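Chemist: could you look at this predicted model? Sequence included:
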Amino acid sequence: MIYYPPSIRKAIQSISKLPGIGEKTAERLAMHLLRAPRIDVEQLSRSILELKNSVRLCEQCFGLSDAETCGICSNPARDPQLVCVVEQPADMVSIEKSGAFSGRYHILGGSLSPINGVGPNDIRIRELMTRIAKQNIAEIILATSTTVEGESTAAYIADRLKESPAKVTRIASGMPVGGDVKYVDQVTLKRALEGRHAVQNK
């Protein structure tokens with residue numbers, strides 16, 4: 001990298017700070033940007049600045065938004081009585097891509113992890129409780145991950161909601177479509193067996 005002029009070295013160093021980008025990949029990207037039309041590079045630069053300047057957290061669900069309220073929370077077609085609790089905005093996006101959910105979300109911003117010093121006050125559990133108390137929510141769907149942290153977070157929230165009039169449910173987990181039993185981990189297989197359902201009524 002010492003053979004490049006300072007401007008290119010600086011670009012490579014900046015790009016290599018991105019997650020999953022090593023120095024060689026950063027070098028290729030810097031060379032690509034150098035060869036790309038100026039208008040494309042300027043558009044990329046403006047997009048990055050706009051990302052930093054415009055994106056904020058939705059005041060209702062804490063999802064990513066360009067306005068005070070995100071498109072999902074402001075959509076009158078979404079069921080406000082049905083709230084799906086997820087850990088991160090990316091989890092919400094995954095559920096949205098499935099097309100299987102028509103309610104709204106609450107994004108915790110993480111999961112409980114005592115080992116890493118993350119307690120109930122470090123994620124948005126308090127905000128969830130306030131939201132349930134103020135809004136007429138019929139069902140809370142806990143869609144945290146099936147990791148130890150995700151499971152403990154779901155269990156903690158369920159325990160906090162024992163006295164709530166809202167129905168509390170947990171997303172199902174088990175065998176993936178097309179999965180081979182011999183390659184499935186023990187926890188997933190155990191859940192698949194526990195969540196079995198009838199295929200023929202007798």
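Modeler: That came in fine, so what should we check first?
Chemist: partner strands of the longest strand seen in the chain, parallel or antiparallel?
Modeler: Ordering each strand of the chain by length in residues (DSSP state E) puts strand 79-86 first. Strand 79-86 pairs in its sheet with strand 103-107 (parallel), strand 139-142 (parallel), by DSSP bridges.
Chemist: now do that strand, average pLDDT.
Modeler: Strand 79-86 shows a mean pLDDT of 94.
Chemist: who touches that strand?
Modeler: Residues outside strand 79-86 that contact it (CB atoms under 8 Å, 6 or more residues apart in numbering): 92, 95, 101-108, 128, 131-132, 135-144, 157. Backbone N, C-alpha and C define where each C-beta goes, glycine included.
Chemist: flag every buried residue along that strand.
Modeler: Across strand 79-86, burial judged by 16 or more other CB atoms under 10 Å covers Leu82, Val83, Cys84, Val85, Val86.
Chemist: now render those residues as CSV, adding distance to Val187.
Modeler: Below are the buried residues of strand 79-86 laid out as CSV (distance: CB to CB, whole Å):
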residue, distance to Val187
Leu82, 28
Val83, 26
Cys84, 22
Val85, 21
Val86, 20
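Chemist: as CSV, could you dump the C-alpha coordinates of stretch 89-97?
Modeler: Once non-C-alpha atoms are left out, stretch 89-97 reads as follows in CSV (Å, rounded to 0.1, in the frame of the first residue of the first chain):
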residue,chain,number,x,y,z
PRO,A,89,-34.3,-3.7,12.8
ALA,A,90,-32.8,-6.4,10.5
ASP,A,91,-35.1,-9.0,12.3
MET,A,92,-38.1,-6.8,11.4
VAL,A,93,-37.0,-6.6,7.8
SER,A,94,-36.7,-10.4,7.7
ILE,A,95,-40.3,-10.9,9.0
GLU,A,96,-41.6,-8.2,6.6
LYS,A,97,-39.9,-10.1,3.6
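Chemist: check what contacts it and list those residues.
Modeler: Counting by CB under 8 Å, 6+ apart, Cys61, Gly63, Leu64, Ile72, Cys84, Val86, Phe101, Tyr105, Ile107, Ala143, Ser145 sit against stretch 89-97.
Chemist: I appreciate the help and will end here.
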